[in-house]
Each structure stands twice: as structure tokens, then as C-alpha cells.
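In: Below is the sequence, then the predicted model.
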Number of protein chains: 2
Amino acid sequence: MSKTLSQLGEFGLIDRLKKLLPQEGGCLLGIGDDTAVLPYTKDKYQLLTTDMLAQDVHFTRRMDARAIGHKALAVNISDIAAMGGVPTFAVVSIGLPKTTPVRFVEDVYKGMTALAGQFNVSIVGGDTIKSDKIVINVALLGEVKKKHLVTRAGAKPKDWIFVTGPLGGSLKSGRHLNFIPCVEQARFLVKNYKPSAMMDISDGLAGDLNHILSAAKVGAQLIEDAIPRHKGTTLNQAMTDGEDFELLFTIPMAKAMKLMDWQADHKAFYFYPIGEITADAKQRIYAKGFTHF
Amino acid sequence: MSKTLSQLGEFGLIDRLKKLLPQEGGCLLGIGDDTAVLPYTKDKYQLLTTDMLAQDVHFTRRMDARAIGHKALAVNISDIAAMGGVPTFAVVSIGLPKTTPVRFVEDVYKGMTALAGQFNVSIVGGDTIKSDKIVINVALLGEVKKKHLVTRAGAKPKDWIFVTGPLGGSLKSGRHLNFIPCVEQARFLVKNYKPSAMMDISDGLAGDLNHILSAAKVGAQLIEDAIPRHKGTTLNQAMTDGEDFELLFTIPMAKAMKLMDWQADHKAFYFYPIGEITADAKQRIYAKGFTHF
């Protein structure tokens, strides 16, 4: 008997599928980072990412249709941001039951186009099909100067670890539906204090930090009290709740201290230092009071 | 009360959604052709397209999983071919019930990667999510030399109308699951006998030819006996069955006659002339014996 997906788990499945996909044809960085990195111009890479949202998994029909559309695009923009890039062109596929009110679909698109306008994204095509439940897929292109590209790999011992904002309780609070992707923060960082590694927090701080640690074979020491949490959120929730879509990044210590100096005097952004990278890959994440792992 | 989708219809919905999407940001050709056309290099455009397939709409669980994967990519490659381009990079999203056997998913990917290899497409990323029924979305990039780009617009009176192969009965015969997209035929054409308009036949010859006619405000006179049909297929089936994925294109008469000369001596491809474009936009499609419209 073949295993089922629930026995294998999502990351187990991704590992199996990766083996079926030979890396070839000029792609510079493929499955396993926030976006694929493709050849583009002399100075720039092109970025490509895709995310699918399904009714009753990522949203319900009772939620605001505009917020659903907003989220479908926002999660993709967040992936482009995590590479240091800017989003450019999107295509949108949407599967819909026949009985869906046209207004609902229009509102999904209105939510998407409002966010697209804010980030200069053009929605240039798509597909509409019939399906039993609503499903929305966005594929998004972006671009980044070669010198600004940041991947998940590259963290080094003594690098400081930062996040862009408070964590935890995103799903319960509804923040996952209306968050603004951290493009501006990422652009500021890659131009001024280029991170050694970066990703967006979609599966929870602990799990996502583990991706950065595995990629560089390093560990991490977190400062419990420094992890910014949303009101009413426990440390464990801040560590493990998904869909925060804040950026998680590491910066070499000297540069990190300059960033701290800068933000003592400026209010444009605030980046939260939460710990440091350690050489001991076996240590993985150590945070006093955090018991989940 | 808001209308439902079944009251509005697919093309009605697309028209409504198009109004919500301002064309901007440098996209050269967006919704309404086989792919979006994006700025790329000095000599080339980039092409971007996406298609979604849903279980029990486009395929069933009893069908060969490899064929499902093959089709999910093939329909996108066909769109790139219809613009005269070559496919390059793809991202794949797949929604799966928890109970799906891992082997089924692996077979979907094997079908996809086999076709990808054949057309030098790299699958560079994707998303896997939980859903009630299987849903597969592929977004595909391509590129085309500017001088080779063909759109749906551009047909002129007296241009000959061609198709790349026999039509009809694709769904019944299973051809929709294992067709090979006409990239080679399209590349041969754009390099040697550049069509004035081209698209792939996904909704049936009659409906798809109407898109070419509307775009150029022209009509068409078809030669009933010249329309190539699959065995056991009626003229009306050849005119209206969907998912043939042959190319439909128009070529100025002088060039069309040269193409006919060429193919009298060569066996590499065969292109079927089926009629000509007329000046009378009101005539639309006239074919003796065809009664559907």
C-alpha cells in the first residue's frame, strides 16, 4: 500500500517531489527558498513564486471577500520581499462553484487590485474555472538587483537575528487576512544593512528559523524577552503560530550594531533583535521558556 | 440580489473582472490573449500564462495520474506555443486531500517532468496545500523574439485560415490528457511563414475562431470538407468540441500559397487550410452544413 499524505506530512512530500525535479535550464535557485531565482538582465535576477489558497483551509466564505483577495496576493508579495526584491507582474487562477455570487468574485479581485496598486503589481492574466469549493492561485514575478538578493542560506555564527514585527495570534486575530507585506523594510535592509539570510515567517518563528539554521548548518540562541509578541500571545504562540508574514533575517554583528544605532534616531522602521546565530548546529533553537521543541 | 456565476457565464465574468484590472506597469498585452506579453530583453518578450485543473471538472481520480500531470503542464505550453514562443520555467501549485496516496502525487509530477524535459521547461518551485479535492495550477514563463510574436489580433481579409491537425472528440477519446503541444509547428511557422494571428483551440474551433474574428473585426468563410476531423467525429463536433489544443492561425494569401508548396514536398508538418478571412465582420463564421450558430 502506498502511504497517504497525512502519513508523510507536507515537508516529507516536498522532499519526495524535489527528487523528481532535476535542477536544470539555468534556474539559479529553485525549490526550498521563498521564490525561484531566474536569469534576467546583466544586473538583475528575476524572481518567481506561487501560492494557492483554498476555501475552508485558508479562508471561509463568511470572511470578507476583499480580504481573501488581499491575502492571496499578499502572501506572494511577501515571498518576493523575503528575497530582497520588488514584485512586478501577477497571474491569478480562480476556481469557483457555479452558485458563487458575482459580487463575491468581484470583491476578491477588488481586494487584490487594491494591494496590487499599492505595490505597483500588474495583474496581467489568469484562468477562471468551475470547482466545488473556491480556490485561488496567484503566481507572481519580481525582480532584484543581483547585489541585493538575499536567500535563506548565508547565516554565520555571531550574526544577529531580527524580526520586523510582533508575532503570534495571526490567525485568531484576522491579521493573516490584512497584513501588509514587508517590501519596504526588506528594500531598506538590502540597500543599507544587507542581511546574510532572510525569509518570511509563514509557518511560525521556530519552524522557519530552523530552515535558516539547516541551510547554514548553524544554531541559534534566542533571548526570550526580546521576542516581540502581539498582545495576549504567549511565548510559545509567538514561536509557533503561523502566517505572521513578518520577515526573519540575520545580519553580521558589526552591521547589526550600526542598524541599531540608525534606528535609535529614526522612526521609519523598527527591527527587533531577538538573538544570535551560534556555531553549534546541534543546539538549534535555544530560548529559555520555550518548550515546544 | 447579486447574480451568480452560472447566470453570468465564464466570458461574462472575465469581462467584468477585466474592468477591475487596470492595464499598467509596462505589460504589453494582458488578459484576452493566450499569454501575457511582458518586457524582457532588447530583442525578446517574456510570456506568462497560467491554467488551473480541478478534479471532477477536468479530470477524475480514476484517470492515469501521469496523464493528469502531463495535461496540467501541456495546456500551459500550448498557450506559449500559440504566441510563437518557447516555454522556459514553471511553478506548480497542488491542492490535495489528506488521504491522497503519495504515489498518486508522485505520478502526477512524473507526468509533468517527463513533458517538461521534452520541452526544456524547468519546474522551479511551487506550493502544496490541503484541499477537499485535487486541484493543480501551473504558471509558465516563456520567451519569444519580438519579431516572432503572434497574437490573436491581426487577421486580414483574404488571409487563409489553417489548423495544425484533426479536430473533435478530444474529451471522449482521452486525447485531451496526452496531447503534445504544437511548439515545433508554431516555431516553424513564426520563423518561415509568420501567421497574422494565432491561438490554440481550447474551447472548440467555432468559438475560438470567433476570438480571432472579433479581435480584427472580420468574418470567415470555412470550407466544410476541408476541416480535418478525427474518425467518427461529426462536423459539428469538430467545430465545437473543446480541448483539441491544435493551433488555429491565419496567413496572408501569398505566404499561405508558399506554405502549401513547401508542404507538398516536405513531411515534417502538415497544416490544414480550412477557409479564408472575409471583410464582412457580420458574416462571422460561415460553413455549409454547420448549424450550431
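Out: It's in.
In: and whichever residue of the stretch 101-250 of chain A sits closest to chain B, what does it touch?
Out: Closest contact between the stretch 101-250 of chain A and chain B, by CB to the nearest CB, is at A:Ala139 (3.2 Å). C-beta coordinates here come from the backbone N, C-alpha and C atoms, glycine included. Shown in contact with A:Ala139 (CB atoms under 8 Å, 6 or more residues apart in numbering or on different chains): A:48-50, A:76, A:90-91, B:48, B:50, B:91, B:93, B:137, B:139.
In: which residues in chain A form strands?
Out: Counting by DSSP state E, one finds strands in chain A at the ranges A:36-39, A:44-54, A:86-96, A:122-130, A:135-145, A:160-163, A:197-200, A:219-222, A:247-251, A:272-278, A:285-286.
In: Adding mean pLDDT and distance to B:Ile212 as columns, could you present those in CSV?
Out: Formatted as CSV, the strands of chain A follow (pLDDT from 0 to 100; distance: least, CB to CB, whole Å):
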stretch, mean pLDDT, distance to B:Ile212
strand A:36-39, 94, 32
strand A:44-54, 97, 30
strand A:86-96, 96, 22
strand A:122-130, 93, 18
strand A:135-145, 98, 27
strand A:160-163, 98, 53
strand A:197-200, 97, 43
strand A:219-222, 94, 59
strand A:247-251, 98, 47
strand A:272-278, 96, 57
strand A:285-286, 66, 59
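In: looking at these, which is closest to B:Pro39?
Out: Set against B:Pro39 and scored by CB to CB, these come closest in strand A:86-96, at 9.6 Å.
In: Partner strands of the closest one and their direction?
Out: Strand A:86-96 has the following strand partners under DSSP bridges: strand A:122-130 (parallel), strand A:135-145 (antiparallel).
In: Which members of the contacts of A:Ala139 are the farthest-apart pair?
Out: Spanning the widest gap among the contacts of A:Ala139 are B:Leu48 and B:Ser93, at 15.0 Å by CB to CB.
In: which residues does the spatially most central residue of chain A contact?
Out: Centroid-nearest residue in chain A: A:Asp200, 3.0 Å away (criterion: CA atoms, centre = their mean). Going by CB under 8 Å, 6+ apart, A:Asp200 touches A:34, A:78-79, A:81-82, A:181-182, A:208, A:245-248.
In: Show me the shaky parts of the stretch 151-293 of chain A.
Out: For the stretch 151-293 of chain A, residues meeting the criterion pLDDT under 70 lie at A:283, A:285-293.
In: What is the burial count for A:Lys217?
Out: Residues contacting A:Lys217 under the criterion other CB atoms under 10 Å in any protein chain shown number 10.
In: for the nearest residue to it once chain neighbours are set aside, phi and psi?
Out: What sits nearest to A:Lys217 in space, not counting adjacent residues and going by CB to CB, 6 or more residues apart in numbering or on different chains, is A:Ala281, at 4.7 Å. A:Ala281 adopts backbone torsions of phi -60, psi -20, taken as degrees, to the nearest 10.
In: Surely A:Ala281 and A:Leu213 touch.
Out: Yes. Contact status for A:Ala281 versus A:Leu213: in contact at 7.0 Å, counting by CB atoms under 8 Å.
In: which neighbours do the two share?
Out: By CB under 8 Å, 6+ apart, the residues touching both A:Ala281 and A:Leu213 are A:Gly219.
In: the more surrounded of the two?
Out: A count of neighbours by other CB under 10 Å puts A:Leu213 above the other of A:Ala281 and A:Leu213, at 23 against 14.
In: A:Pro273 versus the more buried one, what's the distance?
Out: 17 Å (CB to CB, to the nearest Å).
In: for A:Lys19, same thing?
Out: According to CB to CB, A:Lys19 stands 38 Å off from A:Pro273.
In: When these two are compared, which one has more neighbours?
Out: Higher neighbour count among A:Lys19 and A:Pro273: A:Pro273, with 16 against 9, using other CB under 10 Å.
In: Is that one bridged to anything, and to what?
Out: On the basis of DSSP bridges, A:Pro273 is bridged to A:Phe162.
In: again with the one 4 residues further on
Out: Under DSSP bridges, the beta-bridge partners of A:Ile277 are A:Ala220.
In: Pull the number of nearby residues for it.
Out: Per other CB under 10 Å, the neighbour tally for A:Ile277 reads 25.
In: swap in A:Phe104?
Out: The tally of other residues near A:Phe104 (other CB under 10 Å) stands at 17.
In: now do the one 3 residues further on
Out: Other residues lying near A:Asp107 total 19 when counted by other CB under 10 Å.
In: my guess is it meets A:Ala65, correct?
Out: Yes. With contact defined as CB under 8 Å, A:Asp107 counts as touching A:Ala65 (3.5 Å).
In: State the distance from the residue nearest to A:Lys217 to A:Pro157.
Out: According to CB to CB, A:Ala281 and A:Pro157 sit 10 Å apart.
In: Mutual contacts of those two, please.
Out: Listed as contacting both A:Ala281 and A:Pro157 by CB under 8 Å, 6+ apart are A:Val218.
In: show me where chain A has helices.
Out: A:5-8, A:10-20, A:65-82, A:102-118, A:170-173, A:175-178, A:183-192, A:205-216, A:235-240, A:253-265 (DSSP state H).
In: helices or strands next to the fourth one in the packing?
Out: Which is helix A:102-118. Contact partners of helix A:102-118 among helices and strands, from 3 or more CB pairs under 8 Å, 6 or more residues apart in numbering or on different chains; DSSP states H and E: helix A:65-82, strand A:86-96, strand A:122-130, helix B:5-8, helix B:10-20.
In: what residues are up against A:Asp64?
Out: Contacts for A:Asp64 were tallied using CB under 8 Å, 6+ apart; they are A:107, A:111, A:177.
In: ok, A:Gly9 - how many residues close by?
Out: By the criterion of other CB under 10 Å, A:Gly9 has 10 neighbours.
In: now the one 5 residues further on
Out: Here the neighbour count serves as a burial measure; for A:Ile14 (other CB under 10 Å) it reads 15.
In: Look up the pLDDT of it for me, please.
Out: Here, the pLDDT recorded for A:Ile14 equals 79.
In: what's the distance between the nearest residue to it once chain neighbours are set aside and B:Gly168?
Out: Excluding the flanking residues, the one nearest A:Ile14 by CB to CB, 6+ apart is B:Thr128, at 6.4 Å. B:Thr128 sits 36 Å away from B:Gly168, going by CB to CB.
In: So for the two, which residue has more residues nearby?
Out: Per other CB under 10 Å, whichever of B:Thr128 and B:Gly168 has more neighbours is B:Gly168, with 26 against 18.
In: hang on, the more buried one packs against B:Pro228?
Out: No. At 9.0 Å, B:Gly168 does not count as touching B:Pro228 under the criterion of CB under 8 Å.
In: Are there residues contacting both of these two? Which ones?
Out: Joint contacts of B:Gly168 and B:Pro228 (CB under 8 Å, 6+ apart) are B:Ala238.
In: With that, I have no additional questions.
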